[in-house]
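Chemist: No letters, just coordinates:
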């Protein structure tokens, strides 16, 4: 009885190994996302952290509920374009907050506002110069709506948020987190702040892992069937 050639055998082994490796990687990503989800639940359950009093650059703040007193600087605002809410295009507006009694500066996402009729028309913002109290959740750019990219349009209108680029352009040493604000004293309510719970995509990774496993065993089945069983039947 003939057996599959060495070349077919090597290709099968490589294909089977690659698909199982891909499945393993997806399982590892699912485990990582589970850790993120667990951290989100733990951090959200903690008491609100006062950044003016308790902030330390080495602290892990992701998903932590925070509050901060300080002044907003609208001259260094950042407007994130193409943010869609209920099917309508709009902007998310971020402004640096210089915290009172601290050298720290943090970007605050004021919320979403609809885009004007004319493309590129910037929103007319009334940002108070007095001290404000910001409450919200600290998030890292790159998860959820804010993603890292080098792409900008021009001026203060950006497609994506890159903190390193923001620091370089404005010469402001903002910390590595953005406050997704829930409320800000003195800011009009025209901003919508419907922050959704982060989507960790655990089920998606598990689904992909299952598909890769199926592909792997399909390769193995075809190798055994055409290489051994069918040849035996044809003999």
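Modeler: Structure received. As the structure is a computational prediction, the values presented were derived from the model and not from experiment.
Chemist: Over to residue 17. Which of the three states is it?
Modeler: Here residue 17 is helix, with the state taken from DSSP: H, G, I helix; E, B strand; the rest coil.
Chemist: swap in residue 178?
Modeler: On the three-state scheme (three-state DSSP), residue 178 is labelled strand.
Chemist: and it, bridged to which residues?
Modeler: Beta bridges link residue 178 to residue 107, residue 139 when assigned by DSSP bridges.
Chemist: now this structure, which segments are flagged as low pLDDT?
Modeler: Applying pLDDT under 70 to the chain flags the ranges 1-2, 116-124, 142-155, 188-189, 196, 231-235.
Chemist: so where do the helices sit in it?
Modeler: With DSSP state H as the criterion, the chain has helices at 6-45, 51-54, 163-170, 202-224, 230-234.
Chemist: per-domain residue ranges of this protein.
Modeler: The chain breaks down by automatic domain parsing into domains covering 6-37+202-234, 64-184.
Chemist: Might you report the residue contacts of the closest residue to residue 68 other than its chain neighbours?
Modeler: With sequence-adjacent residues excluded and distances taken as Cβ to Cβ, 6 or more residues apart in numbering, residue 68 is closest to residue 51, at 4.2 Å. In short, each C-beta sits where N, CA and C put it, glycine included. Contact analysis of residue 51 by Cβ atoms under 8 Å, 6 or more residues apart in numbering lists 66, 67, 68, 99, 102, 104, 106.
Chemist: how far away is the first one from residue 30?
Modeler: For residue 66, the distance to residue 30 (Cβ to Cβ, to the nearest Å) stands at 29 Å.
Chemist: ok, now the last one?
Modeler: Spatial separation of residue 106 from residue 30 under the definition Cβ to Cβ is 32 Å.
Chemist: ok, now the fourth one?
Modeler: According to Cβ to Cβ, residue 99 stands 37 Å off from residue 30.
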